[in-house]
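Colleague: any chance you could fold what I've pasted below:
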Amino acid sequence: MQHATEPARPPRLPRTWPEKLFGRWWRRQSAARQDRFATLGPLVSVMLFLAAIILAFWYLRNEEFEREQESVKRDSEIAQQQIRLRLIDNQEQLVRIAREIVTRAIDHDQFLAQAATFTRERPEITNLAWINAQRAPRAAYSATRGSTSRSASSRSQRVTKVAICWPSSAAGCSTVRLRRSAAIARLG
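Modeller: Here you go, the predicted model:
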């Protein structure tokens with residue numbers, strides 16, 4: 001009679017070449033050495049876990065740095081655009097004043113009043129001058145000194161251009177030519 005309690009064993013799969021080699025090598029090691037190798041497994045897994053955490057922090061730090069750079073770049077572009085719009089507005093106002101001078105719609109006192117208003121609304125502009133064709137000042141207003149001056153030149157002399165000049169460079173003047181036009185504003 002056969003024993004009914006013994007289960008049938010499934011057929012054993014043949015071992016692959018690396019399994020055979022590793023199994024032979026493992027069995028040849030002493031028990032103490034096998035224990036040392038067995039403790040390396042958890043140590044390697046902890047080291048891999050730490051490396052993954054460090055890489056995650058490094059990646060997040062780089063992403064934050066790139067976002068901050070993009071934010072600064074975007075903010076500087078917005079500021080640059082606002083400055084351009086402000087300069088265009090200043091230029092348009094100066095052209096308007098220049099046209100009024102050319103058409104003789106304003107005189108010396110009205111120019112000084114408009115210059116005072118213009119420089120009060122725009123703190124970046126400190127001086128506004130009305131010059132004639134020989135580049136001699138007919139009237140000037142300085143927001144820093146609050147003083148005005150008038151030249152002794154005749155009213156028949158006309159001004160030839162409107163210029164916006166930056167004090168940082170002599171070549172930094174933007175000139176708008178008008179037909180017998182107007183004034184100079186110095187920024188700075």
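Colleague: per-residue pLDDT, K161?
Modeller: At K161, the model reports a pLDDT of 42.
Colleague: count the neighbours of L94 for me.
Modeller: Neighbourhood size, L94 [other C-beta atoms under 10 Å]: 22. Any C-beta I mention is one placed from the backbone N, CA and C, and that applies to glycine too.
Colleague: does it belong to a helix, a strand or coil?
Modeller: The three-state label given to L94 by DSSP: H, G, I helix; E, B strand; the rest coil is helix.
Colleague: quick check: the gap between it and A31.
Modeller: Note on L94: its distance to A31, by C-beta to C-beta, to the nearest Å, is 95 Å.
Colleague: repeat for I125
Modeller: 90 Å.
Colleague: higher neighbour count, those two?
Modeller: I125 (21 against 7).
Colleague: is that one bridged to anything, and to what?
Modeller: Per DSSP bridges, the residues bridged to I125 are L187.
Colleague: and it, what's its pLDDT?
Modeller: So, for I125, pLDDT stands at 87.
Colleague: that one and S142 touch, don't they?
Modeller: No. Assessed by C-beta atoms under 8 Å, I125 is found out of contact with S142, at 10.4 Å.
Colleague: let's see the helix or strand where E19 lies as PDB, backbone CA atoms only.
Modeller: Assigned by DSSP states H and E, E19 falls within helix 17-28. Extracted as PDB, the C-alpha positions of helix 17-28 are listed here (Å, rounded to 0.1, in the frame of the first residue of the first chain):
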ATOM      1  CA  TRP A  17      24.200  28.700 -14.900                       C
ATOM      2  CA  PRO A  18      24.400  31.800 -12.600                       C
ATOM      3  CA  GLU A  19      22.300  30.000  -9.900                       C
ATOM      4  CA  LYS A  20      24.600  27.000 -10.000                       C
ATOM      5  CA  LEU A  21      27.700  29.200  -9.700                       C
ATOM      6  CA  PHE A  22      26.300  31.300  -6.900                       C
ATOM      7  CA  GLY A  23      24.900  28.300  -5.000                       C
ATOM      8  CA  ARG A  24      28.200  26.500  -5.200                       C
ATOM      9  CA  TRP A  25      30.100  29.700  -4.100                       C
ATOM     10  CA  TRP A  26      27.600  30.300  -1.200                       C
ATOM     11  CA  ARG A  27      27.900  26.700   0.100                       C
ATOM     12  CA  ARG A  28      31.600  26.900   0.200                       C
END
